[in-house]
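Peer 1: just coords:
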């Protein structure tokens, strides 16, 4: 229960009615208060508005406190989305609206620079380095640039072209060859062989 001025509101019941696709007016009538009060409660709970008879866009209601708890545990947007039954983009947008950033602030220390260089030497690209260190990709790109390190080459150097030519000559499909090399599409590779 929560109190909105002089009105007691059963939050679980409110969310349940919203999840069933009820509009502000219908929820207000059901719980005994005005459409405007229902709208204010819905906005305070971060629930999307619904047109008459329209089902919610999301299959579960996002509880801000639960989202913050899962975020603090270090779960990704995709993992949090699976908890609520929504897409990672929905969680991303909701998380940003709550002021929760996925990126840590970079502290330039010998230890952090050493970690960065080690990951770079292992062949990781900016995005992967950023994911490991918990920083934004743009931050990783700037650090790499400041350290005078060139961008990692595209994945072509990791392919055995002789094996690729052999498999192609055997008549394997792009999908079959891609599975062998662990990539989705290798169409771009055929141009390199001709």
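Peer 2: Thanks, I have the structure now. Please read these numbers as outputs of a predicted model, since none were measured by experiment.

Peer 1: please, where are all the helices along the protein?
Peer 2: 11-19, 24-31, 35-45, 64-72, 77-84, 88-97, 110-121, 126-133, 137-146, 161-169, 174-181, 187-193 (DSSP state H).

Peer 1: least confident of those helices, on average?
Peer 2: The weakest mean pLDDT among the helices of the chain belongs to helix 187-193, with a mean of 49.

Peer 1: returning to what we had before: can you redo the helices of the chain as JSON lines with distance to residue 152 and mean neighbour count?
Peer 2: Placement of C-beta: from N, CA and C, glycine included. JSON lines is the format used below for the helices of the chain (distance: least, CB to CB, whole Å; neighbours: other CB atoms under 10 Å):
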{"stretch": "helix 11-19", "distance to residue 152": "46", "mean neighbour count": "16"}
{"stretch": "helix 24-31", "distance to residue 152": "52", "mean neighbour count": "18"}
{"stretch": "helix 35-45", "distance to residue 152": "45", "mean neighbour count": "17"}
{"stretch": "helix 64-72", "distance to residue 152": "30", "mean neighbour count": "14"}
{"stretch": "helix 77-84", "distance to residue 152": "24", "mean neighbour count": "18"}
{"stretch": "helix 88-97", "distance to residue 152": "25", "mean neighbour count": "16"}
{"stretch": "helix 110-121", "distance to residue 152": "8", "mean neighbour count": "14"}
{"stretch": "helix 126-133", "distance to residue 152": "8", "mean neighbour count": "18"}
{"stretch": "helix 137-146", "distance to residue 152": "9", "mean neighbour count": "16"}
{"stretch": "helix 161-169", "distance to residue 152": "19", "mean neighbour count": "13"}
{"stretch": "helix 174-181", "distance to residue 152": "18", "mean neighbour count": "14"}
{"stretch": "helix 187-193", "distance to residue 152": "17", "mean neighbour count": "12"}
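
Peer 1: residue 30 reaches residue 18, doesn't it?
Peer 2: No - Residue 30 lies out of contact with residue 18 (CB atoms under 8 Å); the separation is 10.7 Å.

Peer 1: from residue 7, how far off is residue 30?
Peer 2: Residue 30 sits 14 Å away from residue 7, taking CB to CB, to the nearest Å as the criterion.

Peer 1: got it, and residue 80?
Peer 2: For residue 80 relative to residue 7 (CB to CB), the value is 31 Å.

Peer 1: domains in this protein, by residue range?
Peer 2: The chain resolves into domains spanning 2-45, 64-97, 110-146, 155-193 when parsed by automatic domain parsing.

Peer 1: distance from the first one to the middle of the chain?
Peer 2: I take that to be domain 2-45. 29 Å (CA atoms, centre = their mean, to the nearest Å).

Peer 1: oh, and call the first residue 479 from now on, that's how I've got it
Peer 2: Fine by me, first position is 479 from now on; the one you just mentioned is domain 480-523.
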